[in-house]
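Quick check, what structure comes out for this input:
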Amino acid sequence: MTRPTLRRLAPLLLCLALPAAAQATDYRVLQDQSTLAFTATFQGAPFEGTFSQWHAAIRYDPAHLADARFDVSVDTTSAGTGDPDRDGALPGADFFNATKYPQAHYITTGFVQAGGHVIAHGNLTLRGETHPLDLTVTFTPQDNGTAALDVTGTLKRLDYGVGGGEYADTSVIGNEVVVNAHLVLAPK
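Purely as a prediction, here's the structure:
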């Protein structure tokens, strides 16, 4: 090969020698097929609730966890449990205080492979309080090009001041709340 030919091919050879940049996929959430929910206890009996208004920006690939990211905003006024009394109280000052804090926000700080699961480390801000919240992540690609993303984690409501004051008695309302989501994702 002549020197001019090598000079022309050098950039191509360099590109081939470098590994391709690993990047997770950006997804849009198919809201009508997805749920964001929670489970708590009242007088020892479990009850479930959902949030009807939320937005999630998801970047994920289990093979490229260093580039993955979840950024979720939740309208706290959209909580519903199917119980009119409870649903009326949740946005109030004793619980979510939605007038002052209309949104909760979760953002990841990193992901780790832990045995057969992926753990998302992140911070949840609720009622002006920010605390770490780890989520167990299950990612399932589907044949039609979409994917299912299921996450679950447990928080302590009193850490965020949810149900404080006269509602702080954990024998009436349990302190632990399980948050979970089932998201159906489509690549952007």
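
Please determine how far the closest residue to Gly128 other than its chain neighbours is located from Asp83.
Distances taken as C-beta to C-beta, 6 or more residues apart in numbering put Tyr101 closest to Gly128, at 5.7 Å, once the chain neighbours are dropped. Any C-beta I mention is one placed from the backbone N, CA and C, and that applies to glycine too. Tyr101 sits 22 Å away from Asp83, taking C-beta to C-beta, to the nearest Å as the criterion.

Give me the more crowded residue out of the two.
The residue with more neighbours, out of Tyr101 and Asp83, is Tyr101; 18 against 13, by other C-beta atoms under 10 Å.

Report the contact partners of the more buried one.
By C-beta atoms under 8 Å, 6 or more residues apart in numbering, the contact list for Tyr101 reads Thr76, Leu126, Arg127, Gly128.

and what of Ile119?
With contacts defined as C-beta under 8 Å, 6+ apart, the neighbours of Ile119 are Phe111, Val112, Asp134, Leu135, Thr136, Val137.

Just the element for the last one, please.
Right, Val137. Per DSSP states H and E: Val137 is located in strand 135-141.

remind me which residues of the chain are low pLDDT?
By pLDDT under 70, the low-scoring segments of the chain are 1-22.

could you say what helices and strands the strand holding Val137 packs with?
Packed against strand 135-141 by the contact rule (3 or more C-beta pairs under 8 Å, 6 or more residues apart in numbering; DSSP states H and E) you find strand 117-126, strand 147-156.

in the last one, what's buried?
Looking back up the chat, that one is strand 147-156. Ala147, Leu149, Val151, Thr152, Gly153, Leu155 (16 or more other C-beta atoms under 10 Å).

And for stretch 43-55?
Neighbour counts over stretch 43-55 (16+ other C-beta under 10 Å) mark Phe47, Gly49, Phe51, Trp54 as buried.
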